[in-house]
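Participant: give me the fold of what follows.
(chains A, B, C and D)
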Number of protein chains: 2
Amino acid sequence: MGLLSLGPMSGYQMRQLIDESIGNFWTESYGQIYPTLKRLAAEGMVTFITEQAEGRAERKVYALTAAGRERLRDWLNLPVHERVPRNELLLKLFFGSLVSLDVLVRHVESFHAVQQARLQQYTATAEELNHRHGKHPDLPYWLMTVNYGLHEAGALSVWCDETLAQCRELKKRKGLQVVKKANK
Amino acid sequence: MGLLSLGPMSGYQMRQLIDESIGNFWTESYGQIYPTLKRLAAEGMVTFITEQAEGRAERKVYALTAAGRERLRDWLNLPVHERVPRNELLLKLFFGSLVSLDVLVRHVESFHAVQQARLQQYTATAEELNHRHGKHPDLPYWLMTVNYGLHEAGALSVWCDETLAQCRELKKRKGLQVVKKANK
DNA sequence: GGGTGCATGTAATGGGTTACATGATTCT
DNA sequence: AGAATCATGTAACCCATTACATGCACCC
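Facilitator: Down below sits the predicted model:
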């Protein structure tokens, strides 16, 4: 969490910034942000000043302390620990024989739409990043994360195409079996 | 959960079966399995008989009821609801400027190793499935899920290659900057 | 006056993991 | 005797989301 304190900001701002930057691979809710900010302040990882700008509601602007930056660096050095995957689509596909193929096709198609949207979105943000932060030293890092999404969404989109084709195959075969039975 | 009751089995068996079939995209712990089995039994979705085979510990074998199968079908019909992504690797990459490039390279490299292992594993299981369940009517569905992993791991592996190349690029550039400074 | 955006927070709830506790049997 | 495998279960805990509660300011 503390990592968002690369520039000083309020909890509310953090949430917004998350949505428009790392939102594609990370989310946090207010119910998470505010309590942890409080905790981090108690631990001395962050400090805050209560700001009262005119024409604006009162707000607390948090900033990282030296200790906080140290903690953050430690965390960045730690190996990434993969979290257990949970893929509902694949689970439904795995037990697909219990329902009609049309249901599965619907699921895959809507998943396909999501991937297509992601592809478009990522290309757009990559362009926008290049355009608006062309000189920012962190730009290469940001682009790497966008590129990740691009590769992933692309591959999954291809998988959807293949899977949908296979579904059509299966449907045809099932049709034949029904015909066979009727002929007996 | 109830979906694992496609054949009657005990909680312990479920866990094992998960590991060797859908383990790549779904996991459940005992602390999850046993309580939900109890709950499902109370709801009338499953029944169980206490079995005492000789030379084996006592166990409860669960089986789906008609109502349970109905419930499962309902669930399969429900649209897949995507869960919020949480990608620690990308998060660390995003804030990569705070640590040395070597750290990031290490992270990406170990991630790359994971993807390579996945690729190999999926090819192996696909072959094994074809070999051992060549005639099973559900085989196509199982292969779809394996194929998903194949596409994903392949794409992420490629992304790793690109990203590592970019890291080398960045390192070279940083080297040049240092030289420039030294020359001033 | 009412909607919208800025702003902070808490409480309830849910979902899940880990660790613990127990006990039988089989293999070495 | 001790380790491994089979087997069931509970309690503590953690992480996170949702819903709720509040309030100011600005614009229509």
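
Participant: name the residues of chain A found near DNA strand D, please.
Facilitator: Taking CB under 7 Å from any atom of the strand as the test, the list of chain A residues beside DNA strand D reads A:27-32, A:54-57. Every residue, glycine included, has its C-beta placed from N, CA and C.

Participant: enumerate the residues of chain A near DNA strand C.
Facilitator: That would be A:10-13, A:16, A:30-31, A:34-35, A:37-38, A:53, A:56-61, A:84, A:86, which are the residues of chain A within reach of DNA strand C (CB under 7 Å from any atom of the strand).

Participant: which of the residues of chain A next to DNA strand D come close to chain B?
Facilitator: Among the residues of chain A next to DNA strand D, the ones lying near chain B by CB under 8 Å from any CB of the partner chain are residue A:27.

Participant: from the residues of chain A next to DNA strand D, list the buried ones, please.
Facilitator: residue A:28 (16 or more other CB atoms under 10 Å in any protein chain shown).

Participant: so, low pLDDT: which residues of chain A?
Facilitator: Regions of chain A meeting the criterion pLDDT under 70 cover residues A:184.

Participant: which parts of it are helices?
Facilitator: For chain A, applying DSSP state H gives helices covering A:11-20, A:30-42, A:66-77, A:88-94, A:101-132, A:139-183.

Participant: who are the packing partners of the first one?
Facilitator: With contacts defined as 3 or more CB pairs under 8 Å, 6 or more residues apart in numbering or on different chains; DSSP states H and E, helix A:11-20 has these neighbours: helix A:30-42, strand A:59-64.

Participant: buried residues in the first one, which are they?
Facilitator: By neighbour count with 16+ other CB under 10 Å, helix A:30-42 contains the buried residues A:33, A:36-37, A:40-41.

Participant: on that earlier part again, out of the helices of chain A, which one sits most buried?
Facilitator: Highest mean neighbour count among those (mean count of other CB atoms under 10 Å in any protein chain shown): helix A:88-94, with a mean of 21.

Participant: and it with chain B, contact?
Facilitator: Yes: using CB under 8 Å from any CB, helix A:88-94 reaches chain B at A:88-94.

Participant: closest one of those residues to residue A:180?
Facilitator: Of all the residues of helix A:88-94 next to chain B, the one sitting nearest residue A:180 is residue A:93; the distance, using CB to CB, is 26.3 Å.

Participant: who touches the closest one in this structure?
Facilitator: Taking CB atoms under 8 Å, 6 or more residues apart in numbering or on different chains, we find residue A:93 in contact with A:104, A:107-108, A:163, B:141, B:144-145.

Participant: re earlier: any chance of the helices and strands packed on helix A:11-20 in a markdown table, with distance to residue A:136 too?
Facilitator: Shown next, in a markdown table, are the helices and strands packed on helix A:11-20 (distance: least, CB to CB, whole Å):
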| stretch | distance to residue A:136 |
| --- | --- |
| helix A:30-42 | 25 |
| strand A:59-64 | 19 |
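
Participant: quick one: which of the ones you listed is nearest residue B:76?
Facilitator: Between residue B:76 and those, the shortest separation by CB to CB is 31.8 Å, and it involves helix A:30-42.

Participant: now that closest one: how far from the chain's centre is it?
Facilitator: 22 Å (CA atoms, centre = their mean, to the nearest Å).

Participant: other SSEs contacting it?
Facilitator: Checked by 3+ CB pairs under 8 Å, 6+ apart, helix A:30-42 has helix A:11-20, strand A:46-51, strand A:59-64 packed alongside it.

Participant: and the angle for it with strand A:59-64?
Facilitator: For helix A:30-42 against strand A:59-64, the angle by axes from the mean of the first three to the mean of the last three CA atoms, to 10 degrees is 60 degrees.

Participant: now helix A:30-42 - C-alpha only, CSV.
Facilitator: Backbone C-alpha positions of helix A:30-42 (Å, rounded to 0.1, in the frame of the first residue of the first chain) are rendered in CSV as follows:
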residue,chain,number,x,y,z
TYR,A,30,-11.8,3.1,0.8
GLY,A,31,-12.5,0.6,3.5
GLN,A,32,-9.0,-0.6,2.9
ILE,A,33,-7.2,2.7,2.2
TYR,A,34,-8.2,4.8,5.2
PRO,A,35,-7.5,2.2,7.9
THR,A,36,-4.1,1.3,6.5
LEU,A,37,-3.1,4.9,6.2
LYS,A,38,-4.0,5.3,9.9
ARG,A,39,-2.0,2.2,10.8
LEU,A,40,1.0,3.3,8.7
ALA,A,41,0.9,6.7,10.4
ALA,A,42,1.0,5.0,13.8
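
Participant: what's the angle from it to strand A:46-51?
Facilitator: Going by the same axes, to 10 degrees, helix A:30-42 makes 110 degrees with strand A:46-51.

Participant: list the contacts of helix A:30-42.
Facilitator: Under the criterion CB under 8 Å, 6+ apart, residues A:1-2, A:11, A:14-15, A:46-48, A:60, A:62, A:68 lie in contact with helix A:30-42.

Participant: try stretch A:63-77
Facilitator: Judged by CB under 8 Å, 6+ apart, the contacts made with stretch A:63-77 from elsewhere in the structure are A:2-3, A:5-6, A:8, A:40, A:44-48, B:92, B:95-96, B:98-99, B:103.
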